[in-house]
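Engineer: Sequence first, then the predicted structure:
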Amino acid sequence: MNTANLDKKAAGRLYSLTAKTAAVILFAITATVTALFGIAFLYMCYDGGFYGSENADNAFYGSQLCQRKLSDSAREVLGTIQAYAKHEYPSEESYFSALDTALDRIAQPASSVAVQVEIAEFGGSPLYTFGGAPESYGMSVRDEMVFELELDGKPDIPFHVTSHVYLRKPLSDTPDYFLRLRDCFSFLFSIRYLAPLVAALGAIASTALFVYLMKAAGRRYGEEGIREGFFDRIPYDFLVLCFLAAAALFIAIVDDFVPSFGRATVTGYIVLAATYFAVSVIPLLLMLLALAYTTAVRIKTRTLLQNTLVWRLWALACKILRKIWGWLKSLYEMLPATGKTALLVLAFLFFNPLLISALIEANSYGGVIDVFLVFLMLAALNIGAFFVLIRAAYELVVLRQGSSGLAEGDLDYKFPTEKLHGEAKKIAQNLNRISDGMAKAVEMRSKSERMKVELITNVSHDLKTPLTSIINYVDLLKKEPMQTEAATQYIEVLDRQASRLRKLTSDLIEASKASTGNIEVKLEPTDICELIDQSAAEYADRFSAANLTPIIRTPDRPVVAYADGKLLWRVLDNLLSNVCKYSLPQTRVYIDITSGDSMAAVTIRNISAQQLGGIDPDELTERFVRGDSSRSGEGSGLGLSIARSLTELQGGRLKIYIDGDMFKVTITMPLAMR
Amino acid sequence: MYTILVCDDDVDIASALKIYLTAEGYNVLVAHDGEAALKIIASERVHLVIMDIMMPKLDGIAATARLREADGVAGGIPIILLTAKSEDTDIVLGLNIGADDYVTKPYNPVELMARVKAQLRRYTKLGGATDIKDKPGVYQHGGILLDDNAKTVTLDGEQVSLTPTEFALLKVLIREPGHVFSSKQLYEAVRGESPFGAEGMIAVHIRHLREKLEIDPSNPRHIKVVWGQGYKLE
């Protein structure tokens, strides 16, 4: 058999209903026993004599109960004497005889109490005696008194009385109070050592059972953990109130049931005590136990406070208030910003004077507390208003600073929207979205720039490779002997077109590089005259081949401009190449260099072989536009466009003027300041 | 009989080159990437390499660098870079790494052949060594040898005939390779007096010089124009 299971079962059984019920019953018994014996023990400690005496009799005669009862008897005697003294007897003798009768009645020979009375005149000799001391007595009480005898028609006579009341020892057999008391005392005396022992054991047992019950609270057989029972779900405060009501009821019963030291015997007394306990104390005890049990369960499940009516009402009230607050807030949010501000200002203007007048009133009529409370509210209102204003101003500053950062290009700045409120928060959120959008746009732009550059490089490479093969093999073909005349012509065409394609490709690449600014520009002081000389020298042969005469005019002083020499040469290369291609033969080409206040200028003038008039000069610098679009020649139409792009990359300007058939190009570059 | 290694990842271009070179009488070996090229150079006696730049596995620039790192014969083989990348930076990089010359695609086959010839001449005749240093009156730079005593100029071993002005110009330039001379300075150096506006003729002379010395005068390798500043010998 599985021992673990057995243990578990044993452990589980510990908390079963039968176990708990048994515990409750046992607890009731032990508690009662402890209570009874404990009370007996406490009494025995209190009313001395039990633990010092040798026998019950000594304890009895020395007890306070005894003494008290005896004193009662003594008082009764004195009371009788005094009462009779007021009857207005005709004489002392009649009084004394009456007193005899009365005292006889009190002090019966058979009773345990013996009475001795002596009455004397004030300061005189004894006039009357009654009774006497018994042979043996256990206790006596002595009293003295002065009283006045009221005689009929005569003046009152002051008497001094001394009374002794004795408790016989041994007691008489008459079943009176003292006999019963002594019997009880005997009983108690007999258990005087047992009582504390039993009480102690009972206390231990009760405590153990109580602890067990508290531990078992909420646990059930076969279940892990704590589970609330039906009883535990009742609101705690209600339960406590019920308990108090029940307790009051039982105490009332107790009051009614208070056992009088009546005529019962010791056993009868014990039975009475037991009944009394059964009816009041034990139920009360069990109720208390139940209360403790449920408290334990509630503490274990942490529902002690929450499962009270007070708590629930409070929670409900809070919920309702919160809901109302939520409605108010959403209503408030729905207002436009101006509405909100207006509302707040109105509220402020309304409440402030109200509170101030309340303050004045409180000052006149109310107490310190009233004044203080109103003052608190007033302060809160004003401080709150102040705070809101300051916060608004601060948030404006935050917005302003952040937006300056944005304006300057810091697109990474994000407004801390959690720290802002209301309109400022919305503005900040919008600004954040804007900066996000801007950052994305910048990112996309640079990405597309990068892609453009990659495209140019890749395309140029990809175009040139097959182009090289075409040119190579066409060239090789040219060297092979051709079968037919037509074949040779075809190869001519191929050769021409391949060359054209090559020029077009390199122009295209250069144009796109120039227009996207993907050329490295190094601006340096450049001697324009030197540059023109160099360019003219490069084109010297071509000029003569095209039957053109270049005329270069330069000023006396050197002209130094900020330019990239290589790029400027490419511009001139382009322009001069055009001149050679499109000029009317046998004409002159004028190249003039001038310098103004801040700019240097190079002007190239030539006469066009083809008709120019009617063409828009600005159009010519657009891509793929040539002088005569129907002409198929060497040009790709990109030359002027490239030239303009390159000039502008260096910070210069290129302008074309057409006057009749004269074609004029002016390049202006900024002068280099010394 | 010289052996030339052609290295290009495009099969057609490599074949075309082989045809051209074989027609000129050279023995041609072909490789299609940098690693294969280095292997061939290690195993065969190669006199010149025509190397494409954009190649898989090992590109032309890296192969050139590796080749130049090697000692011995292989370290001095002339390399002509053949490239579609015509950016200045690429060309400068190639030359700095150790290439001797470059040709951009699409190229003129005639020009390429001329450059091959020139490089071979330089390689075999001059042996890649400058043992004529510190001889007074003799200046050498990049294949041009100017003997001021004999008033002769040889390019890659072949004699070039220059006019006195051209000779004087070259002398000025070759004495300080890399230094930029303006037209005015050149004029003064050659004529001994200020030009007074006549510097223009210097440009013309330089042009003639280039036509004599350069394989492609428009794309000079030796006498470079520094536009707007002057000229230099590189």
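Structural biologist: Thanks, I have the structure now.

Engineer: C-alpha only now, for contacts and for neighbours.
Structural biologist: Noted.

Engineer: can the longest helix along chain A be found next to chain B?
Structural biologist: If you go by DSSP state H, chain A has its longest helix at helix A:422-479. Yes: interface with chain B: helix A:422-479 contributes A:457, A:460-461, A:464-465, A:467-469, A:471-473 (CA under 8 Å from any CA of the partner chain).

Engineer: Return the residue of chain B that is most distant from the centre.
Structural biologist: residue B:196 (35.4 Å; CA atoms, centre = their mean).

Engineer: can you tell me which two in the residues of helix A:422-479 next to chain B are farthest apart?
Structural biologist: Spanning the widest gap among these are A:457 and A:473, at 24.7 Å by CA to CA.

Engineer: Tell me the pLDDT of the spatially most central residue of chain B.
Structural biologist: When CA atoms, centre = their mean is applied to chain B, the residue found nearest the centroid is residue B:101 (4.7 Å). Here the pLDDT value assigned to residue B:101 is 88.

Engineer: likewise the one 10 residues further on?
Structural biologist: pLDDT recorded at residue B:111 is 89.

Engineer: Shouldn't it be within a strand?
Structural biologist: No: under DSSP: H, G, I helix; E, B strand; the rest coil, residue B:111 sits outside any strand and is assigned helix.

Engineer: Doesn't residue A:140 lie inside a strand?
Structural biologist: Yes: assessed by three-state DSSP, residue A:140 belongs to a strand.

Engineer: ok, now how distant is it from chain B?
Structural biologist: Residue A:140 is 135 Å from chain B, where distance means CA to the nearest CA, to the nearest Å.

Engineer: tell me which parts of chain B are close to chain A?
Structural biologist: So far as CA under 8 Å from any CA goes, chain B lies against chain A at B:10, B:12-13, B:16, B:84-85, B:105-107, B:109, B:182-183, B:199-200, B:203-204, B:207, B:225-230.

Engineer: how does chain B divide into domains?
Structural biologist: B:3-125, B:138-233 (automatic domain parsing).

Engineer: Please name whichever of those domains is nearest to residue A:586.
Structural biologist: Closest among the domains of chain B, using CA to CA: domain B:138-233, at 21.5 Å.

Engineer: any idea of the mean pLDDT for the closest one?
Structural biologist: 85.

Engineer: how far is that domain from where the chain is centred?
Structural biologist: 16 Å (CA atoms, centre = their mean, to the nearest Å).

Engineer: and the end-to-end length of that domain?
Structural biologist: 16 Å (CA to CA, to the nearest Å).

Engineer: swap in stretch B:211-222?
Structural biologist: 11 Å.

Engineer: what's it in contact with?
Structural biologist: B:111, B:114-115, B:142, B:155, B:160, B:207, B:210, B:233-234 (CA atoms under 8 Å, 6 or more residues apart in numbering or on different chains).

Engineer: same question, stretch A:114-132
Structural biologist: By CA under 8 Å, 6+ apart, stretch A:114-132 touches A:96, A:100, A:103, A:107-108, A:133-134, A:158-168.

Engineer: Need the buried ones from the residues you listed selected in ChimeraX.
Structural biologist: Here is the ChimeraX command that selects the buried residues among the contacts of stretch A:114-132 (16 or more other CA atoms under 10 Å in any protein chain shown):
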select /A:96,100,103,107,133,134,159,160,161,162,163,164,165,166,167,168
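
Engineer: So which of the contacts of stretch A:114-132 are in helices?
Structural biologist: A:96, A:100, A:103.

Engineer: so what's the last one up against?
Structural biologist: Going back to what we said before, that points to residue A:103. Counted by CA under 8 Å, 6+ apart, residue A:103 has contacts A:77, A:80, A:130.

Engineer: And residue A:403, by the same measure?
Structural biologist: residue A:431.

Engineer: And the residue in the stretch 351-500 of chain A positioned nearest to chain B, how close does it get to residue A:396?
Structural biologist: Closest contact between the stretch 351-500 of chain A and chain B, by CA to the nearest CA, is at residue A:468 (4.4 Å). Note on residue A:468: its distance to residue A:396, by CA to CA, is 66 Å.

Engineer: These two: which is more packed in?
Structural biologist: Of the pair residue A:468 and residue A:396, residue A:468 is the one with more neighbours under other CA atoms under 10 Å in any protein chain shown, namely 22 against 15.

Engineer: Verify the contact between the more buried one and residue B:104 for me.
Structural biologist: No: using CA atoms under 8 Å, residue A:468 makes no contact with residue B:104, being 9.6 Å away.

Engineer: Now do the shared contacts for these two.
Structural biologist: Listed as contacting both residue A:468 and residue B:104 by CA under 8 Å, 6+ apart is no residue at all.

Engineer: and the one residue in the stretch 51-200 of chain A that gets nearest to chain B, what helix or strand is that in?
Structural biologist: Among the residues of the stretch 51-200 of chain A, residue A:200 lies closest to chain B, at 100.9 Å counting by CA to the nearest CA. Here residue A:200 is covered by helix A:194-216, with elements defined by DSSP states H and E.

Engineer: Who are the packing partners of that helix?
Structural biologist: helix A:17-46, helix A:282-300 (3 or more CA pairs under 8 Å, 6 or more residues apart in numbering or on different chains; DSSP states H and E).

Engineer: State the distance from the closest residue to residue A:305 other than its chain neighbours to chain B.
Structural biologist: Closest residue to residue A:305 apart from its sequence neighbours, by CA to CA, 6 or more residues apart in numbering or on different chains: residue A:311 at 6.7 Å. Distance from residue A:311 to chain B, counting by CA to the nearest CA: 81 Å.
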